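**Student:** predicted model, plus sequence, below.
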There are 2 protein chains.
Amino acid sequence: MEFNWKFSQTATRMSSSIIREILKLLDDKDVISLAGGIPDPELLPLEEITEATRRVLKEDGVQSLQYSTTEGYLPLREFLAERLNKQGIIADASNIIITSGSQQGLDLLGKLFINPGDVVITEHPTYLGIIQSFTTYGATFCSLPIDDQGLQVGLLEEALRKNNPALIYTLPNFQNPAGVTLPLGRRRKLAELAIQHRVPILEDDPYGELRYYGEPLPAIKSLSCAENTILLGTISKTIAPGHRLGWVVAHEKVIKKLVLAKQAVDLHSNTFSQRVIYEYCRQGHLDQHLKLLRRKYGEKRDAMLMAVKKYFPPEIEWTKPEGGLFLWVTLPEGISSSKLLKESIKRGVAFVPGSAFFTDGSGENTLRLSFSNASPEELELGIKRLAEVFKYQLVAAFD
Amino acid sequence: MEFNWKFSQTATRMSSSIIREILKLLDDKDVISLAGGIPDPELLPLEEITEATRRVLKEDGVQSLQYSTTEGYLPLREFLAERLNKQGIIADASNIIITSGSQQGLDLLGKLFINPGDVVITEHPTYLGIIQSFTTYGATFCSLPIDDQGLQVGLLEEALRKNNPALIYTLPNFQNPAGVTLPLGRRRKLAELAIQHRVPILEDDPYGELRYYGEPLPAIKSLSCAENTILLGTISKTIAPGHRLGWVVAHEKVIKKLVLAKQAVDLHSNTFSQRVIYEYCRQGHLDQHLKLLRRKYGEKRDAMLMAVKKYFPPEIEWTKPEGGLFLWVTLPEGISSSKLLKESIKRGVAFVPGSAFFTDGSGENTLRLSFSNASPEELELGIKRLAEVFKYQLVAAFD
């Protein structure tokens, strides 16, 4: 007789990420993946990381292999604080904890702030990792629609009054999945409303450094009316996701709680990676590398937009991101992108169906395209293949 | 007006690890630390890790910096499976997930199995990381006393009947904190009772490879009556804690749930570290290094036991571990080890007060000594200093 495993209520709320499932299917080299938001392998700074690694092993080898503090490597936190200061964010090392990727920061913040049944306000659509994580804590979502300028902040006041939410989660720069950016006026209004209603804001900013057009906008965290804002960052899109390092910038009270939470879940982040990434930054490589990334990813973004304009039928709409890694595509109502995925993979192109990014499972007629991990030529070919699938479907649907 | 942070119920259950707090105080080089169970820096395999790192960066550099699967690096899981097979444990890669240290494995298992209010059966005393983690999930503990042969399994049946526990947590080899080892008969009885009462066993084995005397005992997981056993391992004591790698070995149903849980908390473990540690193992360094560790830590264990016998007054009792990193010391009733810690640090020696390891805060008259991170000479001097503190206290208490 097989053993009968009895899982917790939390466990029954867990579900798999469709992206990770799709990525597993993409071993086939003939399929052009526009699915995952993963860095272009050719743009990973292997040479400089190798040099930084060599130095760490030579100069601090033993310490890099040893246990370290839950807060994170102090020189790395000081480096980040200084960088944040230059962006107008008042913070020192005591306001920063290093996490195992920003996903861990988000998850620990969910643990700190969400009781089962609590409402979290999100964008509609939003990052699916937050849906996965916060669902395990029993959150329910109040998802507010976005437009081409991000969160429709005009709808926020009523949502705050009605829901008494535990948190507001927002991705103001080049949003995942929609690629849209929140303008300054909306940032101010969001911060003011959140303070008035005493709700913390989680400002998730994995892509802020990857701007290809237009001027950088101040972080919500840098606005004087935003002391309740918690900012999350990561090296996953700018240096290397394999090292799993992110950070949370917050009031010291929150950082202290995060330290307790992190002690219980994994003691501390990887000592070796923290020292290697610090060494990489200390050598001054980061800004140089960001320049390269902006140029290369900007070219890819242009190539995808050009191809989309050239090949997609007129019934289809898409966003025009100023940065980040994603385009968001809306098909006519009644067409299901998840049903088209199989046919698309057969034709040699993959994407992420949009419904994965909606807390209520809607958005069947949407999809996310990433331009990070394919060459401009592959992007054109991939979009061309996708356009064929769409055209065939449109004819079938409306014939 | 300062922002009023409202934390979740889970957050209010969090507390700090006294060990991490003590370790922070130990910057003073004149204090001999018998506190943390941290590896001797001189016994970290820096040269071989450096070589493995160089190879990974040269041969798989780009992949080592990229995202990877939640389950963990397949060759590492296959290596571990093969090693487990040799120890009589039936497992393949599908039964293994790589975690960010074994603390993460424990924490994810707590999340999977514990509903608030559930009972977890533990040893009394037990590993404080499990108390920290499982408390955040709202566990209550039924702690069963140990003797010099570990968990008193004779008390288990009644505890199982009365409490209907969600889990049994045990450290059968060189227990943390007590250093004691569960004999085969008790392992069998424990496994049989757990199956009868349909309760999963978490078998935590960070120290199993560090045996200095006597014959290795089979893991509970290897017993035919133990299909409900979940085994946890780590490289933190055998290779390097800074790389934060551990693993969980379990039924595929449990592994699948762990993968979902891990996706939501940190996507996957450090790609780079997994490849470096696999390369280190593939080169055949592990068994050679374990031989060295057994010899060196065995010498330290002997030195500490000899010093304890030589200096401690007769009113004091201690365990004689066959492996691992710890001795457990019991002072006469009425003496508080936590009150003696400050005086001890003043005299140049640190330890961990035993009450940290008791789920009910008892054990004031106990303490844990680690012999891992000091030379035999320092161990003798540290024990001598500690004996003076104890003698002074004994005179004061009973005079």
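**Tutor:** That came in fine, so what should we check first? Numbers count the residues shown, from 1 in each chain, chains lettered A, B, ... in the order given.

**Student:** tell me the mean pLDDT over stretch A:193-200?
**Tutor:** The pLDDT scores in stretch A:193-200 average 96.

**Student:** and stretch A:345-357, which residues are buried?
**Tutor:** Residues A:345, A:347, A:349-357 are the ones in stretch A:345-357 that count as buried (16 or more other C-beta atoms under 10 Å in any protein chain shown). (C-beta placed from N, C-alpha, C; glycine too.)

**Student:** number of nearby residues for residue A:310?
**Tutor:** Counted by other C-beta atoms under 10 Å in any protein chain shown, the residues lying close to residue A:310 total 11.

**Student:** again, but for residue A:287
**Tutor:** That count, for residue A:287 with other C-beta under 10 Å as the rule, works out to 10.

**Student:** hmm, back to that, pull the most distant pair out of the buried residues of stretch A:345-357.
**Tutor:** Using C-beta to C-beta, the buried residues of stretch A:345-357 span at most 23.3 Å, a distance reached by A:347 and A:357.

**Student:** and chain A, what are its domain boundaries?
**Tutor:** Following automatic domain parsing, one gets these domains for chain A: A:14-43+A:287-398, A:47-283.

**Student:** quick check, distance from the shortest one to the centre of its chain.
**Tutor:** To tie it back to what came earlier, the one meant is domain A:14-43+A:287-398. Domain A:14-43+A:287-398 sits 16 Å away from the centroid of its parent chain (C-alpha atoms, centre = their mean, to the nearest Å).

**Student:** for stretch A:144-160, same thing?
**Tutor:** 19 Å.

**Student:** neighbouring contacts of it?
**Tutor:** For stretch A:144-160, the external contacting residues (C-beta atoms under 8 Å, 6 or more residues apart in numbering or on different chains) are A:121-125, A:142, A:165, A:168, A:170, A:172, A:175, A:178, A:180-183, A:186, A:189-190, A:193-194, A:196-197, A:199, A:319-320.

**Student:** could you do stretch A:290-298 as well?
**Tutor:** A:40, A:43, A:209-213, A:238, A:325, A:371-372.

**Student:** the residue in the stretch 251-399 of chain A that chain B sits nearest to - nearest residue in space that isn't next to it in sequence?
**Tutor:** Nearest residue of the stretch 251-399 of chain A to chain B: residue A:271, at 3.3 Å (C-beta to the nearest C-beta). Using C-beta to C-beta, 6 or more residues apart in numbering or on different chains and skipping residues adjacent in sequence, the residue nearest residue A:271 is residue B:242, 3.3 Å away.

**Student:** sorry, back to before: could you list which of the contacts of stretch A:290-298 also contact chain B?
**Tutor:** When C-beta under 8 Å from any C-beta of the partner chain is applied, no member of the contacts of stretch A:290-298 is adjacent to chain B.

**Student:** derive a ChimeraX selection command for the buried subset of those residues.
**Tutor:** Listed next is the ChimeraX selection for buried residues among those, using 16+ other C-beta under 10 Å:
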select /A:40,43,209,210,211,212,238,325,371,372
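
**Student:** how about the nearest residue to residue A:208, chain neighbours excluded?
**Tutor:** residue A:173 (4.3 Å).

**Student:** how about residue A:233, secondary structure?
**Tutor:** The three-state assignment at residue A:233 reads strand, by DSSP: H, G, I helix; E, B strand; the rest coil.

**Student:** and it, how many neighbours?
**Tutor:** Neighbour count of residue A:233, defined by other C-beta under 10 Å: 26.

**Student:** tell me the contacts of it?
**Tutor:** By C-beta under 8 Å, 6+ apart, the contact list for residue A:233 reads A:80, A:102, A:205-206, A:208, A:246-247, A:249.

**Student:** and it, bridged to which residues?
**Tutor:** residue A:247 (DSSP bridges).

**Student:** can you say which of the domains of chain A is packed in most?
**Tutor:** Sort the domains of chain A by mean neighbour count, taking mean count of other C-beta atoms under 10 Å in any protein chain shown, and domain A:47-283 sits at the top with a mean of 21.

**Student:** coming back round to it: out of the contacts of stretch A:290-298, who's nearest residue B:380?
**Tutor:** Nearest to residue B:380 among these: residue A:238, at 50.9 Å, using C-beta to C-beta.

**Student:** shouldn't the residue nearest to residue A:208 be within a strand?
**Tutor:** No: assigned with three-state DSSP, residue A:173 falls outside any strand and is coil.

**Student:** do you have the strands of chain A handy? List them.
**Tutor:** Ranges of strands in chain A, per DSSP state E, are A:32-33, A:96-99, A:119-124, A:140-147, A:150-151, A:167-170, A:201-204, A:229-234, A:246-249, A:317-318, A:326-330, A:349-350, A:352-353, A:366-370.

**Student:** can you give me the end-to-end distance of stretch A:118-136?
**Tutor:** 12 Å (C-alpha to C-alpha, to the nearest Å).

**Student:** swap in stretch A:371-379?
**Tutor:** Using C-alpha to C-alpha, the end-to-end distance of stretch A:371-379 comes out at 7 Å.

**Student:** and the contacts of it?
**Tutor:** By C-beta under 8 Å, 6+ apart, the residues outside stretch A:371-379 that reach it are A:32-34, A:36-41, A:297, A:299-304, A:307, A:325-327, A:382.

**Student:** could you rerun that using 6 Å?
**Tutor:** A:32, A:38, A:40, A:299-301, A:303-304, A:325 (C-beta atoms under 6 Å, 6 or more residues apart in numbering or on different chains).

**Student:** narrow the residues you listed to those in helices?
**Tutor:** Among these, DSSP state H puts A:299-301, A:303-304 in helices.

**Student:** ok, which of these also contact chain B?
**Tutor:** Subset of the ones in helices among the contacts of stretch A:371-379 in contact with chain B: empty, counting by C-beta under 6 Å from any C-beta of the partner chain.

**Student:** can you pull out the helices in the stretch 101-250 of chain A?
**Tutor:** Counting by DSSP state H, counting those that start in this stretch, one finds helices in the stretch 101-250 of chain A at the ranges A:101-113, A:128-136, A:156-163, A:184-196.
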